[in-house]
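Peer 1: sequence and predicted structure, then a few things I'm wondering about:
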Amino acid sequence: FSQAFVSICGRHRQAVLFIYNDVALFVTFVESLGIDFTQFVTRACTYVDREVRVAIEVDVVYTVSQFFYVRYILGQIDIQIEREVFQLYRCRVDHHFETFVGDQTGIDPFTSTPGSSGGHFHDLVLRAAIIIGKVKSQTVVEELHIQTCFVRRRDFRFHGDVMHLGAKARFKRNVEAVRLLKHLERENRLATETEQEVLAKYVGWGGLSQAFSEDDAAGASEHKVLQELFTKEEYLAARATVTDAFYTDQGIAKSMWETLKRFGFFQGNLLEPSLGIGNFFSIMDAGPMIHRYGVEIDPVSARIAKQLYQKAEITQAGLENTGYENNFFDCAIGNVPFGDYQVADARYDHFHLKIHEYFLIRSVDLMRAGGIAILITAKGTLDGANASFRKLLAKKAVLIGAVRLPIEAFQGMAGTKVTSDILVLQKKEHALSDTATWADTVQTPDGFRVNSYFVEHPEQVLGDLQADTRFPHAFCVTKPDFRADDVKEALDRIK
């Protein structure tokens, strides 16, 4: 118990009840429920480690007066007085706080109904919130005219096959998704299940640079559509992603998620550092003990993701601008951006990391010791002539294994041909400078520079090496009959 939060720890779970820097406000709230605060802290410990019933997550907004609103979601209460919002509490383990209060008051928060003779948890929330409102606003509410709006939150789940689409079809789907997003935002509501199907077809602007070119006659009509569709800021942000916004095939994402579970992840905090619209989230059978956090810099992609994964915590920002602390996450999964430019982050600037290198290092630093990261990156990460980044990463994490994907792996979803690698990393307890052979590269008889890991494990290369005529002394991996199950089989070989 400290000034910033009340933290209750059980053997397997942690509930954090906090109100930033106003503990007196939280104490007032708890005691307004007829519960002694000291007893509350003591008794609540016995409830954190207990199995509880899972309820439908409901968003309830109470309109108390013209300038006073109470927003209640299972696991969180916010109070808005005029334009100022106070977060009364938030519980990272859903339903424990409600269950605890129900046991103390004799009210079942999940089965009773508002206004019933037996009472209801919503009524308790409202009554306590009014007390807080009086404390904060210094006003007396004489008469309440309460309107309640229930919104069921749902997460999108991918079901079906990945379609191989051309540039025109991908552009059309993107435009339809963005138009629907803006319609939802005008109506200030969450997407329905049917609307989520449309939003989920958004594939980003990677490989669609022609639509952003003002001088390309072939893309003139598409360019006009985008100018009318986007605000200036949205247009510039979307245009900036044409070289690296390539979304991941759900079949590959599912194999990576299954591997994460095989390594023992069933509860805790999960990070997707470069979310896109959340293709990795779409295949997760994540239970209530898994808390998903996604980060996406592109504003349109982030807003679509929030509509698709309404129970996840999604931040629209660059990874370097998030407030996450090191060691907060239990695992990381995703497809990091690739580029020959740096991210401005004072904590890492002296390493001169390229963007994909930064995302890998930062993701590892954000995980606890022993945490697993399964991340896709360009093959140059492991094959690059300069080994300094790999040596830095080797100090922080062990490379448990890797899979080299052929150029066909991203052709269906993103319409691009690129050889990439899946890295399976485990964070070390302490940064050590021990020798790691995977930091080195070797020359093949054909003159290609290849990471030593793939020389020692050729079965993890899913295809044949051939010269890449686009770049001098470069190669790519190709497998015309590639299928997502090839990735599963390769990941299953990693122990």
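Peer 2: All right, it came through fine.

Peer 1: measure residue 174 to residue 225 for me?
Peer 2: Using C-beta to C-beta, to the nearest Å, we find residue 174 at a distance of 10 Å from residue 225. Quick note: C-beta positions are derived from backbone N, CA and C, even for glycine.

Peer 1: between the two, which one's more packed in?
Peer 2: Higher neighbour count among residue 174 and residue 225: residue 174, with 23 against 18, using other C-beta atoms under 10 Å.

Peer 1: counting by contacts, list what the host helix or strand of the more buried one packs against.
Peer 2: Taking DSSP states H and E as the criterion, residue 174 maps to helix 167-187. For helix 167-187, the contact count by 3 or more C-beta pairs under 8 Å, 6 or more residues apart in numbering; DSSP states H and E identifies helix 193-199, helix 220-229, helix 299-308 as packing neighbours.

Peer 1: tell me the helix or strand right after the last one.
Peer 2: Going back to what we said before, that points to helix 299-308. With DSSP H and E, the next secondary element past helix 299-308 is strand 313-316.

Peer 1: any buried residues in that following strand, and which?
Peer 2: Across strand 313-316, burial judged by 16 or more other C-beta atoms under 10 Å covers 314-316.

Peer 1: show me the contacts for the nearest residue to residue 184 once chain neighbours are set aside.
Peer 2: Distances taken as C-beta to C-beta, 6 or more residues apart in numbering put residue 191 closest to residue 184, at 5.7 Å, once the chain neighbours are dropped. Contacts for residue 191 (C-beta atoms under 8 Å, 6 or more residues apart in numbering) come out as 180, 184, 199, 307-308.

Peer 1: now do the SS call for residue 191.
Peer 2: coil (DSSP: H, G, I helix; E, B strand; the rest coil).

Peer 1: distance check, it against residue 185.
Peer 2: 10 Å.

Peer 1: likewise residue 338?
Peer 2: 31 Å.

Peer 1: neighbour-wise, which of the two wins?
Peer 2: A count of neighbours by other C-beta under 10 Å puts residue 338 above the other of residue 338 and residue 185, at 21 against 11.

Peer 1: so who does that one touch?
Peer 2: 244, 355-356, 377-378, 380.

Peer 1: switch the cut-off to 10 Å
Peer 2: Applying C-beta atoms under 10 Å, 6 or more residues apart in numbering to residue 338 gives the contacts 243-244, 246, 354-357, 359, 376-381, 418, 420.

Peer 1: now it: how far from residue 357?
Peer 2: 10 Å.

Peer 1: which neighbours do those two share?
Peer 2: Contacts common to residue 338 and residue 357, judged by C-beta under 10 Å, 6+ apart, are 377, 380-381.

Peer 1: now the protein, which segments are flagged as low pLDDT?
Peer 2: Along the chain, segments meeting pLDDT under 70 span 1-152, 160-164, 217-218, 243-246, 412-416, 433-434.

Peer 1: recalculate using a threshold of 80.
Peer 2: Counting by pLDDT under 80, the ranges of the chain that qualify are 1-153, 159-166, 206-209, 213-219, 241-247, 286-289, 411-417, 431-435, 469-473.

Peer 1: just to revisit the earlier point, any common contacting residues for residue 191 and residue 185?
Peer 2: Taking C-beta under 10 Å, 6+ apart as the contact rule, the neighbours common to residue 191 and residue 185 are residue 307.

Peer 1: picking up where we left off before, what is in contact with residue 174 and residue 225 at once?
Peer 2: residue 211.

Peer 1: longest strand in the protein, by residue count?
Peer 2: As assigned by DSSP state E, the longest strand anywhere in the chain is strand 367-378.
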